[in-house]
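Novice: sequence below, structure please.
(one chain, ligands or ions: 1)
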Amino acid sequence: MIEVRGLSKKFGNKTALNNVSFSVGKGSITGIVGRNGAGKTTLLKALVTIVDPDEGTVMINDQDIFREPKAKNKVMYVSDSVEALKNYSIQQITSLYRDVYDQFDEAYFQELLERFKMPKVKKIKNYSKGRKALFSLILAFASKPEYVLLDEPTDGLDVIVKKELMRFLVDEVSKEEMTIIIATHRLDELETLADQILVMKDGTMKETFQLHSLQEDYQKWQVVYQESMPEALKADVHILNQTGRVYSLLFEGEQEEGKAKIEATEPLLYEALPLSLEDIFVAKLGGEQIAE
Ligand SMILES: Nc1ncnc2c1ncn2[C@@H]1O[C@H](COP(=O)(O)OP(=O)(O)OP(=O)(O)O)[C@@H](O)[C@H]1O
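Specialist: Numbering: from 1, shown residues only. Got it, this is the predicted structure:
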């Protein structure tokens, strides 16, 4: 389990993390979403002591990573930039990883290179941008860490490889009891993947959502009125969209309760619509888009 308590970090006058607390259970996928500069990368780096926080603690399996440096060996951070590796050959990197990570599994590494149809190249720099990103993911998973922190893992990957990667992440979590944290702008990708979503804004943790209960906790409705939506309903719903007399509404609460409230306003017609994470975030964060 990862437990973060009261993490704060300033760079000069700039607050990158402000009293951030959350926990992540084993064998789960957590998404951290937020706009550019929200503090996602700083948070991930603090979890592996690349960033030294001004305040707060990070406990990994009940060990404080700043007091017991060995604790962080269970965690692998995969940066969104692979520049550091580019001048190495695949062989050099493999032997480096073998030396540094006790659990590095060479056979699994080869299996993953094949699974993702990685072309044979002499040096990492000969890979395309997407392939470089994929290569660092393969290295990370072949090192068999307990926790993997991925920073924008799908950047530069084409749609097919992205889908393959998503399937792979889900497999790893169920098969290996691995725990994955993904920082991303891409809400739509997390929807099918994450168990929990953490929303960051300006260095603070704004909201935590458990995805399995979202469909029970929220509903989206499309409602059409003869003239306009009665004022009385406005206090109970978030208006996601309005085009003339047609409204998309988000209701927080049980389905039957939402339905009864809408029926009581005597609309011309209404129907339930499929709910997306984006709808909830737009409503929750005062109409401000998170994804870009
Ligand atoms: N080493 C640094 N020196 C100075 N400021 C920094 C440093 N690292 C991060 N920051 C600042 O801290 C804030 C949080 O940055 P961070 O990279 O963590 O955000 P992010 O959510 O990962 O953004 P992005 O999605 O653009 O990668 C930003 O305002 C950034 O400019």
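Novice: against residue 56, how distant is residue 10?
Specialist: Distance of residue 10 to residue 56, computed by Cβ to Cβ, to the nearest Å: 12 Å. Glycine gets a C-beta too; all of them are placed from N, C-alpha and C.
Novice: of those two, give the one with the bigger neighbour count.
Specialist: residue 56 (17 against 14; other Cβ atoms under 10 Å).
Novice: just how off-centre is whichever strand or helix holds the more buried one within its chain?
Specialist: Using DSSP states H and E, the element containing residue 56 is strand 55-60. Put simply, strand 55-60 sits 20 Å off its chain's centre (Cα atoms, centre = their mean, to the nearest Å).
Novice: give the contact list for residue 226.
Specialist: Residues counted as contacts of residue 226 (Cβ atoms under 8 Å, 6 or more residues apart in numbering) are 245, 268.
Novice: what's around residue 101, how many residues?
Specialist: 17.
Novice: domain parsing for this protein?
Specialist: The chain breaks down by automatic domain parsing into domains covering 2-202, 213-284.
Novice: can you classify residue 120 as helix, strand or coil?
Specialist: In three-state terms, and counting by DSSP: H, G, I helix; E, B strand; the rest coil, residue 120 is coil.
Novice: repeat that for residue 10.
Specialist: Quick answer, by three-state DSSP: residue 10 is strand.
Novice: so what's the closest residue to it other than its chain neighbours up against?
Specialist: Closest residue to residue 10 apart from its sequence neighbours, by Cβ to Cβ, 6 or more residues apart in numbering: residue 54 at 6.0 Å. For residue 54, the contact set (Cβ under 8 Å, 6+ apart) comprises 8, 9, 10.
Novice: tell me the residues of this structure that contact the ligand?
Specialist: Contacts of the chain with the ligand, taken as Cβ under 6 Å from any ligand atom, map to 11, 14, 16, 34, 36, 37, 38, 39, 40, 41, 42.
Novice: if we can go back for a sec, which parts of the strand holding residue 56 are buried?
Specialist: Going by neighbour count (16 or more other Cβ atoms under 10 Å), the buried part of strand 55-60 is 56, 58, 59, 60.
Novice: filter the residues of the chain next to the ligand down to just the buried residues.
Specialist: By 16+ other Cβ under 10 Å, the residues of the chain next to the ligand give 16, 34, 38, 39, 40, 41, 42 as buried.
Novice: for those residues, give me TSV that also has secondary structure and pLDDT.
Specialist: Output for those, formatted as TSV (DSSP: H, G, I helix; E, B strand; the rest coil; pLDDT from 0 to 100):
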residue	secondary structure	pLDDT
16	strand	97
34	coil	86
38	coil	90
39	coil	95
40	helix	94
41	helix	95
42	helix	96
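Novice: any idea which of these is the one closest to residue 208?
Specialist: Relative to residue 208, the closest of those is residue 34; by Cβ to Cβ it sits at 12.7 Å.
Novice: surely the closest one meets residue 200?
Specialist: Yes: between residue 34 and residue 200 there is a contact under Cβ atoms under 8 Å: 3.5 Å.
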